[in-house]
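Enquirer: here is my input; please provide its structure:
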Amino acid sequence: MSISDLYSPGFRDRNRDHFAAIVRVAISDGGINAEEKAFLDRLADNLDISNELYLKVLENPTAFPVNPPVSYESRLERLYDIVRMIYSDHIEDEDEIRVLKRLAIGLGFRSDAIDIVTTKALELIHDGADFDAFSDGIRNLVPA
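Expert: Modelled structure (predicted):
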C-alpha cells in the first residue's frame, strides 16, 4: 500500500494543485533550470506525486486550480514553497513575481496587502529563513 492510499482523494487533489501552482512559477521565466527541477523533484516526492501526474502537470500546469487551504498555517506553508521555488535559481524576474502575486491571492491572502506580503516573503527567503521564521515574519505582517 502506498502512502497516498492512506489519504482521501481531496487530500491528493490539494497536493496536486499545490504542485501545479509551483510548476507555474517554475515555467514563468521560460523554462525549468536544474535547480528548479531538483526542487520540483523533491516536492513531488514529498507530496506523493506520481511520475505520470508529474509529467501531466509539467505539460499543462494551468489545467489545475489554485485551491486555497482553509487554515492560515497551510496558506503560509504553500506560500513558503512557492517563494522557495522562485528563489531556487536566485533570480526573481517580473513574470515570476507576477505569478507569485496571483497565486498568493489565490491562496487567500488579501489583495490589498499582496505587495507587502510578497515583498516580505521574498526578503525572508533571501535571508535564509526556515519555515518557522518565514511564518512568524508573514504572520506579524498580516495576521490571520
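
Enquirer: okay, CA-based contacts and neighbour counts for the rest of this
Expert: Will do.

Enquirer: and for Ile138, the neighbour number?
Expert: 20 (other Cα atoms under 10 Å).

Enquirer: let's verify it: helix, strand, or coil?
Expert: Going by DSSP: H, G, I helix; E, B strand; the rest coil, the secondary structure assigned to Ile138 is helix.

Enquirer: check it and give its pLDDT.
Expert: For Ile138, the pLDDT comes out at 95.

Enquirer: now do the contacts for it.
Expert: Taking Cα atoms under 8 Å, 6 or more residues apart in numbering, we find Ile138 in contact with Leu76, Val117, Lys120, Ala121.

Enquirer: how close does the third one get to Phe19?
Expert: In this structure, Lys120 lies at 22 Å from Phe19, with Cα to Cα, to the nearest Å as the measure.

Enquirer: quick one: which of those two has more around it?
Expert: With neighbours defined as other Cα under 10 Å, Lys120 and Phe19 compare such that Phe19 has more, 25 against 16.

Enquirer: before we move on, which element is the more buried one in?
Expert: Using DSSP states H and E, Phe19 falls within helix 9-27.

Enquirer: in that helix, what counts as buried?
Expert: 12, 14-27 (16 or more other Cα atoms under 10 Å).
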